[in-house]
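Colleague: sequence plus the predicted model coming up.
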Amino acid sequence: MLTETFKQSKPFQIPWSKVRDVGIDVEVEVEPEATPALEYEKWLRDRIIARIPGGG
């Protein structure tokens, strides 16, 4: 079910001009809510976590 939901999604590309720092983590100047990057988390929150008592 989850695999089918995200199987056709394409990687989100961030331009190098938006990269602030590269180290253990990569820091970028992009608002995650303005990208499809959080779709997986939103899907989990709405379909799974919200159904757990106390989960949302």
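Modeller: Here it is on my side, so go on.
Colleague: and the pLDDT at residue 28?
Modeller: Looking at residue 28, its pLDDT stands at 93.
Colleague: count of residues packed around it?
Modeller: 18 (other CB atoms under 10 Å). Heads up, the C-betas are built off the backbone N, CA and C, glycines and all.
Colleague: for residue 53, see how far away it is.
Modeller: Separation of residue 28 from residue 53 (CB to CB, to the nearest Å): 36 Å.
Colleague: give me phi/psi at residue 32?
Modeller: Here is the backbone geometry of residue 32 (degrees, to the nearest 10): phi -60, psi -30.
Colleague: and if you look at residue 52?
Modeller: Dihedral angles (degrees, to the nearest 10) for residue 52: phi -80, psi 130.
Colleague: just residue 28 next, same as before
Modeller: Residue torsions, per degrees, to the nearest 10, at residue 28 are phi -130, psi 160.
Colleague: one more: residue 22?
Modeller: phi -120, psi 120.
Colleague: mind listing the residues bridging to it?
Modeller: residue 26 (DSSP bridges).
Colleague: and it, what's its pLDDT?
Modeller: Reported pLDDT at residue 22 in the predicted model: 95.
Colleague: next one: residue 18
Modeller: The score at residue 18 is 94. That number is its pLDDT.
Colleague: need phi/psi at it.
Modeller: According to degrees, to the nearest 10, residue 18 has phi -90, psi 0.
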